[in-house]
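S.K.: Fold the following, please.
(one chain, ligands or ions: 4)
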Amino acid sequence: MRYMPVPDYHMHTPRCKHAIGDVREYAAAAIAVGLKEIGMSDHSPMPDGFDAAWRMQRSELGEYLEEVEAVRDRFADKLTVRIGLEADFHPGTEDYVHELIASYPWDYIIGSVHHIRDWGFDNEEEISRWDGQDIEAAYCEYFGIVAQSARSGMFDIIGHPDLIKKFGHRPPADSRRVREAEEQMLQSVRESDCALEISSAGLRKPVAEVYPHGRIIARAAELGIPFAFGSDAHAPGQVGHAMADCLAMLVSCGVKEISAFESRQRTSHPIQQIG
Ligand code: ZN
Ligand code: FE
Ligand code: FE
Ligand code: ZN
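M.R.: Numbers count the residues shown, from 1 in each chain. Ligands and ions are numbered 1, 2, ... in the order given. Prediction:
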């Protein structure tokens, strides 16, 4: 099945120290694969050296914005370029992130959970900390933090909503605790009127699955939660990665629309099959 392209709102720049390609190259790659709209969302600065090796510094924020604005203006007749950020949600840092968000007229902010307390659970360098973990407890704690991120009111899109599965660690399939934690997470997302990200990044990771799981997508669809697409590209060649697979999955789960953002206003657009 083929679909009209939808916006890809999740891509990075080398300022986060683990991506390659300048913004112009991401835009050119988007045009080459037929996209009409993208948004840059590099890893935001965080306070007090939090996870500093994996994000831009605050001193780099100005040039990030200048670079994206310049590409947006230069490509305006061929491609819509939105300006966003992937901010971490980490309890205790909310005041800083709130101030950062208020400091610029963003098109959208993705809120992502990459840490459980001091553990970067999706960081390859910290993968040994999975040894001996209570996987069920880790999932429950993770979904609890994601729920809290939604309720913080700071974010437009909840990033890769079951990132905890990245390396393939799985709780028991019949875990009621995990199902309840997922449900609470989705209820929080609905109450806070955030969109959920459907991310193709998981397909490129050991888990080899889209984020989030089809079960979560189907329940979100029942609850009327909107979706936004993100490839989480860390290289220009990943822009739009597996968009058609993600759209097919949304459609099969009963989702009919996809979200677009401008000046932190969300609009909904039909997912259109072609051919
Ligand atoms: Zn990253
Ligand atoms: Fe992320
Ligand atoms: Fe990302
Ligand atoms: Zn990400």
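S.K.: Contacts only, for the spatially most central residue of the chain.
M.R.: The centroid of the chain falls nearest to residue 159 when counting by Cα atoms, centre = their mean (2.8 Å). Counting by Cβ atoms under 8 Å, 6 or more residues apart in numbering, residue 159 touches 10, 86, 110-113, 197, 199, 230, 232. Every residue, glycine included, has its C-beta placed from N, CA and C.
S.K.: go with 7 Å
M.R.: Residue 159 is in contact with 86, 110-112, 197, counting by Cβ atoms under 7 Å, 6 or more residues apart in numbering.
S.K.: Switch those residues over to JSON lines; also include secondary structure and pLDDT.
M.R.: Output for these, formatted as JSON lines (DSSP: H, G, I helix; E, B strand; the rest coil; pLDDT from 0 to 100):
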{"residue": "86", "secondary structure": "strand", "pLDDT": "98"}
{"residue": "110", "secondary structure": "strand", "pLDDT": "99"}
{"residue": "111", "secondary structure": "strand", "pLDDT": "98"}
{"residue": "112", "secondary structure": "strand", "pLDDT": "98"}
{"residue": "197", "secondary structure": "strand", "pLDDT": "99"}
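S.K.: Identify each of the strands in this protein and give its residue range.
M.R.: For the chain, the strands defined by DSSP state E cover 2-3, 37-43, 80-88, 108-112, 157-158, 195-199, 227-230, 257-262, 265-270, 273-274.
S.K.: Point out the residues in the stretch 51-200 of the chain that sit beside ligand 3.
M.R.: Contact residues (Cβ under 5 Å from the ion) of the stretch 51-200 of the chain with ligand 3: residue 86.
S.K.: Just want the residue of the stretch 51-200 of the chain that's nearest ligand 3.
M.R.: With Cβ to the ion as the measure, residue 86 is the residue of the stretch 51-200 of the chain nearest to ligand 3, at 4.7 Å.
S.K.: beta partners for that residue?
M.R.: With beta bridges defined as DSSP bridges, residue 86 has these partners: residue 43, residue 110.
S.K.: who are the neighbours in contact with it?
M.R.: So residue 86 contacts 10, 41-44, 110, 112, 159 (Cβ under 7 Å, 6+ apart).
S.K.: what's the spacing between residue 219 and residue 189?
M.R.: 11 Å (Cβ to Cβ, to the nearest Å).
S.K.: The two: which has the busier surroundings?
M.R.: residue 189 (24 against 19; other Cβ atoms under 10 Å).
S.K.: That one contacts residue 224, doesn't it?
M.R.: No. Applying Cβ atoms under 7 Å as the test, residue 189 and residue 224 come out as separate, 10.5 Å apart.
S.K.: and the residue of the stretch 101-250 of the chain nearest ligand 3?
M.R.: Closest point on the stretch 101-250 of the chain to ligand 3, by Cβ to the ion, is residue 232, at 4.3 Å.
S.K.: Can you report how many residues lie near that residue?
M.R.: Residue 232 has 27 nearby residues by other Cβ under 10 Å.
S.K.: Not counting its own residues, what contacts stretch 110-122?
M.R.: Contacts to stretch 110-122, defined as Cβ under 7 Å, 6+ apart, come from residues 10, 41, 51, 84, 86-90, 126, 129, 138, 141-142, 145-146, 149, 154-155, 157-160, 163-164, 166, 197.
S.K.: now it: how far from the chain's centre is it?
M.R.: The chain centre lies 13 Å from the centre of stretch 110-122; the measure is Cα atoms, centre = their mean, to the nearest Å.
S.K.: Buried ones in that stretch, by neighbour count?
M.R.: 110-116, 120-122 (16 or more other Cβ atoms under 10 Å).
S.K.: hmm, back to that, could you dump the strands of the chain into TSV with distance to residue 213 added?
M.R.: Shown next, in TSV, are the strands of the chain (distance: least, Cβ to Cβ, whole Å):
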stretch	distance to residue 213
strand 2-3	21
strand 37-43	22
strand 80-88	21
strand 108-112	17
strand 157-158	14
strand 195-199	11
strand 227-230	14
strand 257-262	19
strand 265-270	23
strand 273-274	23
